[in-house]
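Student: Everything below, folded, please.
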Amino acid sequence: MTEETANDFDDFGGEAPAQDAGEPAGYERLNLVEPEDGGDADDDTGKGLKGFPNPEVEECPVVPLGHYGGKVVFAMPEGEIRHEAAAKIGQMLRGDIFASEAGSSFLTYWRDKADKFHRELAAIWFVRKCREAGYWDANREVRLLGVWPGAEGAPVLHLGDEVWLFGGKKVEKRSVADMMRAKSGPLYRVKPPAPRPATRATAADGAWVREQLDLWAFEDLDGEGLTGADILAGWLLPALLGAVAPFRGHLILFGPPEAGKTTLIKFMRELASALAAEVLDSFSEAGFRADISGMARPAFLDEAEAASDGNGPGPVEQALGVLRSMATDRGMVRKQGGMDGGTLTQTAVGAVMLGAVTPPKLESADATRMVEIRLRPIPRTPEGGKDSSSDVKTARERARKLAPALLGRALLGAGRYLEDVATIKAALRRAGESPRTGDLVSMLAAGRRLLLFDKALTPEEADEEVVFWSPLIRQRLAQDGVKNVGAEAFAHLMAAESSLYRSDRRLSIGAMVERLVKGDRDYVDVLKGYGLQLWEDSDPQAWEAARGGPQGRPGPFLIVSNSHPALEKIFAGTRWRDWRRSLSILDDLGDAFRTWPTKPLRYGAGVKQRGLAIPLTPLLDGVPGGGRTRVVPTSVPEEDIVW
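Tutor: The predicted structure follows:
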């Protein structure tokens with residue numbers, strides 16, 4: 001008998017004598033004084049019971065999870081998590097909390113020989129067990145529908161009312177409430193039952209999927225075999241693997257209205273229908289977050305158009321930040337204040353497919369996680385020919401029937417997929433590709449292999465995959481899909497308009513810098529008013545000897561003040577508001593772009609700041625790589641430059 005149990009006996013005015021050998025298990029002896037009036041069984045404290053019922057908590061169909069602030073937290077037999085006031089538990093035992101058949105049977109522990117129920121003792125036991133479970137952790141990870149990583153990365157499939165654990169010779173199927181008995185780790189919350197996976201699809205089924213994608217006309221990718229159909233085929237099964245996939249790239253499908261975008265998105269959704277929700281074609285950013293919160297499954301968005309009203313970013317642009325975080329690591333984690341003064345946590349992980357006529361503009365961080373696929377108009381059927389729309393309708397019907405088997409193939413092939421991803425990433429490193437390119441291409445290449453083949457890749461085959469996917473890599477480079485934040489900030493600065501007019505037009509900052517480089521001294525003081533100075537020297541040794549200088553690289557260099565009111569206005573409302581840090585990312589483009597910090601310089605009356613020197617030779621057209629003379633201002637400079 002525990003010390004807590006002995007204290008409970010003290011509360012009722014009795015002592016806790018030793019357990020009799022003949023008393024039933026799950027009970028502790030209770031010495032109570034019977035009330036003189038006999039009392040009501042539902043309100044007494046144990047009259048007629050041989051001992052204090054103390055069954056093992058594992059027997060209870062309702063799972064105690066914790067407590068906080070006078071409330072207890074528990075999971076119902078169906079998996080629903082409840083938060084109730086501890087003082088009201090007694091009133092809810094029979095008609096609510098333990099109303100199930102298993103619950104009613106469990107409450108017999110608190111029925112005496114006359115079949116009278118002792119409610120208060122049952123409530124005390126239940127509240128005590130909730131408190132023994134510990135203080136409720138509101139930040140505990142919550143998992144809803146989708147595929148999650150389990151032991152050693154093996155898939156765990158949440159099906160709403162059941163959780164299937166893969167990794168062994170046989171799938172272990174457990175109820176959501178049973179999964180909640182774990183003292184720590186993620187909580188699998190109950191949802192309406194979802195479709196079940198079926199016997200895995202064959203490689204022949206995968207070949208059929210790939211063949212149907214040729215019904216649409218994709219933009220040519222160098223004509224070397226790879227098409228947009230291969231990209232879609234490579235995306236499908238990794239998207240079904242949810243959080244198990246280490247990287248989850250997104251697809252943006254765009255093209256004219258007659259290209260069949262909506263039909264293609266619906267076809268892909270049919271292939272994923274054993275796991276995915278319906279296609280969303282109208283949504284807000286908050287609504288999209290709420291819809292995917294806690295999920296680990298693919299999502300499909302149609303009509304994902306760029307904002308056109310001129311009033312700032314639209315729902316799709318706002319949702320891009322969510323998509324960006326969903327692609328890597330554990331996915332999106334967002335916290336916000338709750339009505340009760342606590343915090344609410346929203347999470348989401350998975351791959352998303354979007355369709356639009358005019359897609360949103362991607363920032364550099366978005367472009368590394370997304371693939372843009374352009375659709376061409378579907379050729380018209382020649383007179384007397386077969387109507388391709390009937391083929392698409394038939395394909396959608398078969399895709400819906402095939403979806404459970406495709407989910408089964410993804411789940412049972414998850415281990416091979418992870419091995420292939422590692423093998424292809426190693427081949428991409430050997431080819432000199434960047435890590436982010438390796439993440440995206442290895443996902444698509446390994447996903448296509450999982451759909452079409454039954455054997456793991458060899459290193460030699462991985463090198464062949466790199467060659468096969470090279471048109472996509474070259475296309476992304478040609479489209480400048482992976483940008484540099486420093487280059488974007490510099491371009492914004494150069495495009496900013498000044499207050500100076502020339503030929504009835506306002507001069508841009510970039511135009512004045514170019515004129516200054518060419519020796520036009522009229523703009524020295526004007527640019528200082530914008531927090532900018534130019535340094536140009538033909539003597540490399542002067543730079544070598546200077547502290548912190550560019551080590552042998554002659555000018556010209558544009559020096560941008562670290563803090564200046566004019567620069568604050570130029571960068572206000574942009575993602576480069578901290579322009580010093582943003583511009584310093586130019587260093588990532590190579591030694592020719594490397595920036596340098598300066599000592600404090602004057603940029604007009606009352607403004608003295610340190611700055612950042614930016615090499616202009618690789619950034620501006622017509623700027624030679626040295627050998628020029630320094631621009632001499634009309635007046636003596638307030639302070640020479642010292643590095």
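
Student: any weak-confidence spans in the stretch 301-450 of the chain?
Tutor: Low-confidence segments of the stretch 301-450 of the chain, defined by pLDDT under 70: 307-312, 332, 335-345, 364, 380-390.

Student: mind checking how far G519 is from D463?
Tutor: Here G519 is placed at a distance of 53 Å from D463 (Cβ to Cβ, to the nearest Å). In short, each C-beta sits where N, CA and C put it, glycine included.

Student: of these two, who's got more company?
Tutor: When neighbours are counted by other Cβ atoms under 10 Å, G519 and D463 differ, and D463 comes out ahead with 18 against 11.

Student: Give the rounded mean pLDDT of stretch 474-487.
Tutor: Mean per-residue pLDDT for stretch 474-487: 70.

Student: Now do it: distance from first to last residue.
Tutor: Stretch 474-487 stretches 20 Å from its first residue to its last (Cα to Cα, to the nearest Å).

Student: ok, now stretch 67-80?
Tutor: Its first and final residues considered, stretch 67-80 spans 16 Å by Cα to Cα.

Student: how about it: buried residues?
Tutor: Neighbour counts over stretch 67-80 (16 or more other Cβ atoms under 10 Å) mark 67, 71-77, 79 as buried.

Student: For L144, which residues are in contact?
Tutor: L144 makes contact with 158, 188-189, 191, 293-296 under the criterion Cβ atoms under 8 Å, 6 or more residues apart in numbering.

Student: Out of the residues you listed, which two sit at the greatest distance?
Tutor: By the measure Cβ to Cβ, Y188 and S293 form the most distant pair in the contacts of L144, at 14.6 Å.

Student: The helix or strand hosting V560 pairs with which strands, parallel or anti?
Tutor: V560 is part of strand 557-561, with elements assigned from DSSP states H and E. Partner strands and pairing direction for strand 557-561 (DSSP bridges) are strand 532-535 (antiparallel), strand 611-615 (antiparallel).

Student: Now that we have the ones you listed, can you turn them into TSV and tack on mean neighbour count and mean pLDDT?
Tutor: Supplementary listing: the strands paired with strand 557-561 in TSV, determined by neighbours: other Cβ atoms under 10 Å; pLDDT from 0 to 100:
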stretch	mean neighbour count	mean pLDDT
strand 532-535	23	86
strand 611-615	24	90
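
Student: Among those, single out whichever gets nearest to A203.
Tutor: The closest of the strands paired with strand 557-561 to A203 is strand 611-615. By Cβ to Cβ, the value is 53.4 Å.

Student: ok, residues contacting the closest one?
Tutor: By Cβ under 8 Å, 6+ apart, strand 611-615 touches 490, 531, 533, 535, 550, 553, 555-562, 580, 583-584, 586, 592-598, 601.

Student: Check stretch 421-432 too.
Tutor: With Cβ under 8 Å, 6+ apart as the test, stretch 421-432 has contacts from 246-247, 437-439, 441-443, 445-446, 456-459, 462-463, 465-466.

Student: Among those residues, which are located in helices?
Tutor: 437-439, 441-443, 445-446, 459, 462-463, 465-466 (DSSP state H).

Student: Let me know the distance separating the residue positioned nearest the centre of the chain from E305.
Tutor: Central residue of the chain (Cα atoms, centre = their mean): M326, 1.4 Å from the mean position. Computed as Cβ to Cβ, the M326 to E305 distance reads 20 Å.

Student: quick one: the residue nearest to the centre of the chain and S563, what's the gap?
Tutor: In terms of Cβ to Cβ, M326 sits 36 Å off from S563.

Student: can you check A592 too?
Tutor: On the measure of Cβ to Cβ, A592 and S563 end up 27 Å apart.

Student: ok, these two, which is more surrounded?
Tutor: S563 (15 against 12).

Student: isn't that one right next to Q609, touching?
Tutor: Yes: S563 lies in contact with Q609 (Cβ atoms under 8 Å); the separation is 5.0 Å.

Student: between these two, what contacts are shared?
Tutor: Taking Cβ under 8 Å, 6+ apart as the criterion, S563 and Q609 both touch G531.

Student: Quickly list the domain ranges of the chain.
Tutor: 3-132, 142-188, 203-377, 485-615 (automatic domain parsing).

Student: Pick the most deeply packed of those.
Tutor: Highest mean neighbour count among these (mean count of other Cβ atoms under 10 Å): domain 203-377, with a mean of 19.

Student: nearest residue to E162 other than its sequence neighbours?
Tutor: K173 (5.7 Å; Cβ to Cβ, 6 or more residues apart in numbering).

Student: so how far is V163 from the one you found?
Tutor: Noted for K173: a distance of 8 Å to V163, by Cβ to Cβ.

Student: got the contact list for the closest residue in space to Y68 that isn't next to it in sequence?
Tutor: Nearest non-adjacent residue to Y68, counting by Cβ to Cβ, 6+ apart: W136, 4.5 Å away. Shown in contact with W136 (Cβ under 8 Å, 6+ apart): 65-68, 73.

Student: Could you dump those into CSV with pLDDT and secondary structure added?
Tutor: Below are these laid out as CSV (pLDDT from 0 to 100; DSSP: H, G, I helix; E, B strand; the rest coil):
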residue, pLDDT, secondary structure
L65, 94, strand
G66, 94, strand
H67, 95, strand
Y68, 94, strand
V73, 95, strand
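
Student: Now for those: which two are most distant?
Tutor: L65 and Y68 (10.5 Å).

Student: Bridged to the nearest residue to V371 once chain neighbours are set aside, which residues?
Tutor: Of all residues not flanking V371 in the chain, L251 sits nearest, at 5.5 Å (Cβ to Cβ, 6+ apart). Beta bridges link L251 to M353, V371 when assigned by DSSP bridges.

Student: in this protein, which helix or strand is least confident?
Tutor: Least confident helix or strand of the chain, by mean pLDDT, DSSP states H and E, is helix 3-11 with a mean of 35.
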